[in-house]
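J.: please find the sequence and the predicted model below.
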Amino acid sequence: MFDLELTEEQRLLEQSVREWAGREVAPRIRELDREHRFDPAILTQMADLGLLGMCVPREYGGAGMDYLSYGLACEETEYVDTSLRVILSVHLALNSLTVLTWGTEDQKRRYLVPQAQGRKIASYGLTEPGAGSDVRGMQSVAVRRGDRYVLTGEKMWISLADVADHFLVFAYSDLEKKQKRDVSGISAFLVERSFPGFSSGTLTEKWGILAGNTGYFKMDEVEVPEENMLGREGEGFKIAMFALDQGRLSVSAGATGLIRACRDASVAYARDRKTFGVPIGQHQLVKEMIAQMESDYQAARLLWMRSAWLKNEGRRSTRETGLAKWFATVASERAAGDAVQIHGANGYSDEYPVGRFYRNCKGAVIYEGTREIHKIMQADYALGYRVDKPTRCRLPAYREAVQA
Ligand SMILES: Cc1cc2nc3c(=O)[nH]c(=O)nc-3n(C[C@H](O)[C@H](O)[C@H](O)COP(=O)(O)OP(=O)(O)OC[C@H]3O[C@@H](n4cnc5c(N)ncnc54)[C@H](O)[C@@H]3O)c2cc1C
């Protein structure tokens, strides 16, 4: 049964993440953002809180929490700053939950366990300079040589590129299929930063999520042992999409937190700021913007919670999670724009947080499926052009995960 009442454990988790982010990060975020500075101490604190492996089973070093708890952590972290939630999305959803689902026992021991314990940080490399939404256009290749694959290529717009130890990387291992742009020629690999030929850098011209790390990495004939192929040869595209299915839950919950942050900042300002002799909150047009934020927040929260519930039940939720991600991110863009508007000229200054919200919200309308890609997906589901088929591996239901 879809129950909206949080358990005691979920409530405590929500409260502890809220307190930690409010105490340790909120007072410093303006400075970190202004200096474009990623603070590794935040990662250490997140690891100490158990957040980096929160919904990985205890057997693999995680905290064994459910996916709704994960969403709550994403909502609370993005309430303070998007850069915090991005860590949870990339490290935990895009990488760790994918290794949990598709990995061999050996891969889980070598990669998942240190990641869940927060001893190693993980990232996800799908996008390339010439291939984002159109994954078929990727140029990275993996050529078999004896018992290894030799990877060559460049990945771009990679979160935590200069921070992560481990990367889940996608490349064409079938060059004939690459010529035909056939995604069944793509395979997935677990690549370590320490492998010779791997190099990375940070994108310095980015204008949002400035306290986060986003960059690129290059693979110049990186030799990857065959036992580091995730899934079977040719399953890379399915694995990449599976990972996004988990990441989109975190993005939708995070964007929901951002809408709430916009609402709270706007309410405080609208009560305080006076024009024409009354607080601006008494003007109907300002009320309209706040009412929209409130309804968007409540609707976005219901959508991500439904997605988390389906995942807890072990049911495929690609359609529902995609809808939650699309709705929440577009709504967060609307909320951030209106929050700036309510603040007037003050909203146009980084003296107030809403300018940062406005810059940060846009990323999520682009990554993990752009607004347009999600529109097409949802229309195709409605029209019956798109039907999800079962995959060989599925995310373990919460009960299975905790029992493992
Ligand atoms: C802050 C940030 C962090 C990121 N982190 C990661 C990461 O960790 N790992 C990773 O692999 N990638 C990451 N990305 C990359 C992101 O996933 C891509 O930017 C995204 O997939 C879009 O690809 P693109 O930028 O190449 O845009 P394009 O695919 O070139 O699209 C450009 C425009 O055309 C539209 N468009 C494209 N195709 C269609 C179509 N068929 N119909 C209608 N419109 C269309 C798009 O919606 C968009 O508006 C990140 C991006 C950002 C901004």
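T.: Sure thing, it's come through.
J.: low-confidence ranges in the stretch 251-400 of the chain?
T.: Within the stretch 251-400 of the chain, the stretches with pLDDT under 70 are 399-400.
J.: ok, is stretch 328-335 in contact with the ligand or not?
T.: No: judged by CB under 6 Å from any ligand atom, stretch 328-335 stays clear of the ligand, getting no closer than 11.7 Å. Every residue, glycine included, has its C-beta placed from N, CA and C.
J.: right, I mislabeled it, should have said stretch 243-250
T.: No: if you take CB under 6 Å from any ligand atom as the test, stretch 243-250 misses the ligand, and the best it gets is 8.7 Å.
J.: contacting residues around that stretch?
T.: Contacts to stretch 243-250, defined as CB atoms under 8 Å, 6 or more residues apart in numbering, come from residues 67, 70-71, 74, 85, 88-90, 92-95, 97-98, 124, 168, 304, 307-308, 311, 317-318, 321-322, 324-325, 368-369, 395.
J.: chain center to that stretch, what's the gap?
T.: 6 Å (CA atoms, centre = their mean, to the nearest Å).
J.: next: stretch 46-65.
T.: Between the centre of stretch 46-65 and the centre of its chain there are 17 Å (CA atoms, centre = their mean).
J.: likewise for stretch 286-300?
T.: Counting by CA atoms, centre = their mean, stretch 286-300 comes out at 24 Å from the chain centroid.
J.: check stretch 5-12 too.
T.: The answer for stretch 5-12 is 23 Å, by CA atoms, centre = their mean.
J.: next: stretch 20-30.
T.: In terms of CA atoms, centre = their mean, the centre of stretch 20-30 is found 20 Å from the chain centre.
J.: buried sites along it?
T.: By 16 or more other CB atoms under 10 Å, the buried positions in stretch 20-30 come out as 20, 21, 24, 25, 29, 30.
J.: before we move on, what about stretch 375-388?
T.: Result for stretch 375-388 [16+ other CB under 10 Å]: buried residues 377, 378, 381.
J.: looking at those residues, which are in helices?
T.: 377, 378, 381 (DSSP state H).
J.: ok, back up a step: any chance of TSV for the buried residues of stretch 20-30, columns pLDDT and secondary structure?
T.: Converted to TSV, these look like this (pLDDT from 0 to 100; DSSP: H, G, I helix; E, B strand; the rest coil):
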residue	pLDDT	secondary structure
20	98	helix
21	98	helix
24	97	helix
25	98	helix
29	98	helix
30	97	helix
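J.: of those, closest to the ligand?
T.: Nearest to the ligand among the buried residues of stretch 20-30 is residue 29, at 16.7 Å by CB to the nearest ligand atom.
J.: in what helix or strand does residue 154 lie?
T.: Assigned by DSSP states H and E, residue 154 belongs to strand 148-159.
J.: I misspoke; the intended subject was residue 212.
T.: Under the criterion DSSP H and E, no helix or strand holds residue 212.
J.: separation between it and the ligand?
T.: 7 Å (CB to the nearest ligand atom, to the nearest Å).
J.: could you do residue 126 as well?
T.: 3 Å.
J.: and that residue, its phi and psi?
T.: phi -110, psi -50 (degrees, to the nearest 10).
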